[in-house]
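Chemist: Sequence first, predicted model second:
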Amino acid sequence: MVEQPVRSLEIVAEEVKSERQMQLTHFDSLDSKAGIVLGFAGAIVALTPGGRQLLVDLGRVAAVVSGMLALWSFWPRRYWHVDLRALRDLYLAAEPGFARLRLIDTQIGMAEGARATVTSKALRLKLSMLALAVATVLTAAGLGIH
């Protein structure tokens, strides 16, 4: 039996590769932004004067919340990858088109799984930025009143 080539396999493969690269770039971008937020939150906590100023203390608490959310955004995540040994063992003797199709299907599954991780990571970063904004406003107001 002669295998029929999958005509658009290479087009799909290129798009899957592009999507996975975009996801990795987005992961790195979110990590970088979380690091910046964490640094600013730490600066607010460390540099605001101690004392009994309610707004400044609330600002410090909001900065701590911001820092914790930023750290949670950094939290090690599962990185989806192809098991190269299994790929070799299972598909070395397979028809190239079949092996390529199975590999693309696996990569699509990995991209779909990573999408949920990116979404939750981005949400935690947004909440961290919101908490940092609240911390900044409260701290500025508290220092201005004093």
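Modeler: Now that the structure is in, tell me what you want to look at. Numbering: from 1, shown residues only.

Chemist: Going by C-alpha atoms from here, please, whenever you check contacts or count neighbours.
Modeler: Noted.

Chemist: so what's G35 up against?
Modeler: Applying Cα atoms under 8 Å, 6 or more residues apart in numbering, we find G35 in contact with A70.

Chemist: going forward, begin numbering at 314 instead of 1
Modeler: Okay, using 314 as the starting number, the last item reads as G348.

Chemist: State the distance from it to R413.
Modeler: Separation of G348 from R413 (Cα to Cα, to the nearest Å): 38 Å.

Chemist: Run the chain-centre distance for the one helix or strand in the chain whose mean pLDDT sits lowest.
Modeler: The weakest-scoring helix or strand in the chain, judged by mean pLDDT, DSSP states H and E, is helix 397-404 (a mean of 81). The chain centre lies 29 Å from the centre of helix 397-404; the measure is Cα atoms, centre = their mean, to the nearest Å.

Chemist: Just the C-alpha atoms of it, please, in CSV.
Modeler: Taking Å, rounded to 0.1, in the frame of the first residue of the first chain, the C-alpha atoms of helix 397-404 are listed here in CSV:
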residue,chain,number,x,y,z
LEU,A,397,13.0,12.3,22.3
ARG,A,398,13.7,8.7,23.3
ALA,A,399,10.1,7.7,22.9
LEU,A,400,10.0,9.5,19.5
ARG,A,401,13.0,7.6,18.3
ASP,A,402,11.8,4.2,19.7
LEU,A,403,8.3,4.5,18.4
TYR,A,404,8.7,6.2,15.0
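
Chemist: Who are the packing partners of the helix or strand L451 falls within?
Modeler: Under DSSP states H and E, the secondary-structure element containing L451 is helix 409-458. In terms of contacts (3 or more Cα pairs under 8 Å, 6 or more residues apart in numbering; DSSP states H and E), helix 409-458 is packed against helix 322-360, helix 367-387.
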